[in-house]
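[1] pasting the structure only:
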C-alpha cells in the first residue's frame, strides 16, 4: 500500500500500571524519537477499565503524529515501544492491565485492513475514553467509513463510563 511521503496519524495512548503519567510521557518521547513529530496532544483523561475488571484506573490521551512511516511499520514500532517499556501480552486477545498501550486510531481519511491492523480503529466509536481526548485534538476529523465526525461520534456514544480530566497537556 503506497501512501504519501508524510501522513498525519492519530494515536491513542493508555496506561493503568505503575507511574501512569511517566509511562505516557516516556511513550511520547519514544514516539517523537522514532515515529515522527507530535504536532498535537490532548489532555490526560482518567477512566475505569473498559472490557475487563481491574483495580487500577487508566490514564488515556491522544496524539497527532506527522510521520513518514508506513502503517505496518508504525504498528510494529508501537509494539516495539510497548515491549521495551515492559508491556507483556498474555495472549488470547483478552483485555488486561498494561503499563502502556499504543493504538493507531485514524490515518487521515484512509481505511487500512492488513493482518494485525485495522484503521480506523474498530472500537473508536464505542469508547468514551478514546473519544473525549480525540475530540480535544480533532473534533472535526471524519471517520472514513461512517462519515461521522469525532464530535458526532462522541454525542452518539453509548458508553456511559466515567471519563474525567486528570491533567493538562504534556
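    Noted; the coordinates are in hand. Since this is a predicted model, take the numbers as computed values, not measurements.

[2] Could I get the pLDDT score of residue 168?
    According to the prediction, residue 168 has pLDDT 72.

[3] Provide the count of other residues in contact range of the residue lying closest to residue 5 once chain neighbours are set aside.
    Closest residue in space to residue 5, ignoring its immediate chain neighbours: residue 68 at 6.1 Å, by C-beta to C-beta, 6 or more residues apart in numbering. Yep, even glycine has a C-beta here, placed from its N, CA and C like the rest. Residues contacting residue 68 under the criterion other C-beta atoms under 10 Å number 13.

[4] distance of residue 68 from residue 39?
    Distance from residue 68 to residue 39, counting by C-beta to C-beta, to the nearest Å: 14 Å.

[5] what do you get for residue 55?
    Counting by C-beta to C-beta - residue 55 and residue 39 are separated by 35 Å.

[6] Mind checking which of those two has more residues around it?
    residue 39 (11 against 7).

[7] just checking, that one touches residue 67?
    No - taking contacts as C-beta atoms under 8 Å, residue 39 lies outside contact range of residue 67: 10.1 Å.

[8] Please enumerate the strands of the chain.
    Along the chain, the segments classed as strands by DSSP state E run 7-15, 36-41, 44-47, 58-67, 101-107, 112-114, 117-119, 163-167.

[9] Kindly report which one of those carries the lowest mean pLDDT.
    strand 163-167 (a mean of 90).
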